[in-house]
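>>> need coordinates for the below:
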Amino acid sequence: MLLTSLIPTSHHRSHLLSFPLLHLRRKNTLKMARSALDEMTNSGAFDRTPSTFRNFISKDPASRFPAESGRYHLYISYACPWASRCLSYLKIKGLEKVISFTSVKPIWERTNENDEHMGWVFPASNDEEPGAEPDPLHSARSIRELYEIASTNYSGKYTVPVLWDKKLQTIVSNESAEIIRMFNTEFNDLAKNASLDLYPTSLQGKIDEVNEWVYSGINNGVYKCGFARKQEPYEEATEKLYQALDKCEDILSKQRYTCGNSVTEADIRLFVTLIRFDEVYAVHFKCNKKLLREYPNVFNYTKDIFQIPGMASSVNMEHIKKHYYGSHPSINPFGIIPVGPNIDFSSPHDRQRFGSKGGRERISCTGEAMVWTLNFELMFAATKGDQYWKYWHKGAIASIFQEQEDKDEEPHIT
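Numbers count the residues shown, from 1 in each chain. Model (predicted):
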């Protein structure tokens with residue numbers, strides 16, 4: 001192939017990875033403006049800037065943004081850990097029929113033909129990118145367009161998640177930490193799993209404490225490693241990352257979850273980074289001092305969280321790998337995606353050893369939704385009209401299977 005065929009014309013310059021040598025020839029002009037790649041200090045360290053839209057949905061019907069079914073739409077990328085934790089909450093709280101959502105394509109593309117910003121874009125059709133859908137509200141081509149609809153003078157980052165108000169035609173929030181708090185409490189009158197409280201009053205102090213060091217050392221820590229442009233800040237970030245992971249391993253050797261034997265917000269926030277660790281961060285962000293699989297408690301804990309009903313559907317590893325390996329040409333110039341390690345997070349784990357009374361209870365139920373236990377409560381439902389049975393340890397997540405009266409088989413406990 002001739003080199004000239006790799007140089008895009010004005011007609012087809014939208015996708016950087018279609019022209020793998022482009023960034024080498026135009027490295028001083030192709031800008032990832034208003035994205036995480038811009039957030040660098042003079043020392044070569046990565047410094048994340050705060051979110052801009054910080055409104056809050058309230059259960060109070062008189063508030064500007066009241067909790068109403070069908071009013072809000074969540075824009076996400078399956079690739080983005082911050083957006084994924086919002087989708088996780090939407091799933092496990094049972095808000096799918098209350099708040100709609102749409103995922104963008106995983107690989108950044110040009111968002112405006114008049115400049116060179118690379119960011120999140122929507123597919124042109126439902127068939128273009130499995131898992132991604134066209135914008136159902138505005139037929140927008142990019143997340144950037146949503147920000148520009150909400151604020152004509154906006155000059156910040158065009159990030160996901162975006163929680164959109166269909167009634168007021170604006171962005172409620174793009175801060176994931178606050179969106180998950182809204183989903184946890186403010187929609188309980190509409191949520192299927194209203195009794196699930198991932199930020200209980202009795203544990204709020206502990207959750208906040210864990211969130212702080214997990215965010216600094218792990219959630220944001222992997223980005224500090226990956227986006228560092230000098231050796232010293234990279235090594236500093238790596239040291240803090242593995243100190244935090246070692247701390248997790250120690251905590252999880254003594255209890256099932258980070259704040260005790262009940263799953264909380266802190267676990268969801270940690271999980272979204274752990275699920276990406278060996279598949280992406282160990283290679284792409286140079287976090288290779290130790291793999292997640294070398295931490296037996298952290299690794300089994302990650303599988304435990306993944307197996308909470310609803311969580312697996314918030315993870316799209318194909319999107320995750322496509323995005324990281326395909327959207328950062330300064331790190332991975334040719335966009336080559338590693339073929340492994342393809343970890344099976346649905347495989348058995350050993351976390352049942354915590355929080356179990358040792359006895360079993362048998363539950364029969366009919367209805368809609370899921371059968372599951374969290375926070376030492378049994379919240380149940382099943383698919384339409386079919387009878388399901390479940391064996392469970394208190395505080396454990398057990399599998400669902402259809403009862404067959406003529407068999408003596410034991411259910412599989414995950």
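
>>> count of neighbours near Gly335?
The number of residues packed around Gly335, counting by other C-beta atoms under 10 Å, is 16. In this view, the C-beta of every residue, glycine as well, is placed from N, C-alpha and C.

>>> give me the most central residue, the protein.
The chain has Ser84 as the residue nearest its centroid, 2.0 Å off, counting by C-alpha atoms, centre = their mean.

>>> and that residue, what element?
When elements are assigned from DSSP states H and E, Ser84 belongs to helix 81-92.

>>> what's the local residue count around Glu128?
Neighbour count of Glu128, defined by other C-beta under 10 Å: 12.

>>> typo on my end, it should be Ile218
By the measure other C-beta under 10 Å, the count of residues near Ile218 is 24.

>>> in what helix or strand does the closest residue in space to it that isn't next to it in sequence lie?
Spatial nearest neighbour of Ile218, excluding adjacent residues (C-beta to C-beta, 6 or more residues apart in numbering): Ala244 at 4.9 Å. Applying DSSP H and E as the criterion places Ala244 in helix 231-252.

>>> how far does the helix holding Ser84 sit from the chain's center?
5 Å (C-alpha atoms, centre = their mean, to the nearest Å).

>>> likewise stretch 106-124?
The chain centre lies 21 Å from the centre of stretch 106-124; the measure is C-alpha atoms, centre = their mean.

>>> now do the buried residues in it.
106-111, 116-123 (16 or more other C-beta atoms under 10 Å).

>>> same question, stretch 125-141
Neighbour-count burial for stretch 125-141 flags 129, 131-133, 135, 140-141 (criterion: 16+ other C-beta under 10 Å).

>>> what does the average pLDDT come to for that stretch?
Throughout stretch 125-141, pLDDT has a mean value of 98.

>>> which residues sit against the helix or strand following the helix holding Ala244?
As assigned by DSSP H and E, the chain's next helix or strand after helix 231-252 is helix 265-276. Counting contacts by C-beta atoms under 8 Å, 6 or more residues apart in numbering, the residues outside helix 265-276 that touch it are 81-82, 84-85, 88-89, 177, 180-181, 184, 198-199, 206-207, 210-211, 214-215, 218-219, 222, 248, 257-259, 281, 292, 298, 301-302, 305-306, 311, 315, 320, 324, 345.

>>> for stretch 175-195, same thing?
Stretch 175-195 is touched from outside by 50-51, 53-54, 56-59, 67, 69, 74, 82-83, 85-86, 89-90, 92-95, 98-99, 161, 163, 173, 197-199, 211, 265, 268-269, 369, 377, 379, 381, with contacts defined as C-beta under 8 Å, 6+ apart.

>>> go with 6 Å
Under the contact criterion C-beta atoms under 6 Å, 6 or more residues apart in numbering, stretch 175-195 has outside partners 51, 54, 57-59, 67, 69, 82, 85-86, 89, 93-95, 98, 161, 163, 173, 198-199, 369, 379.

>>> out of the residues you listed, list just those in helices.
Secondary structure assignment by DSSP state H places 82, 85-86, 89 of those in helices.

>>> among those residues, who's most crowded?
Using other C-beta under 10 Å as the contact criterion, the top neighbour count among those goes to Cys86, which has 31 neighbours.

>>> for stretch 205-221, measure first residue to last.
Length of stretch 205-221, first residue to last, C-alpha to C-alpha, to the nearest Å: 22 Å.
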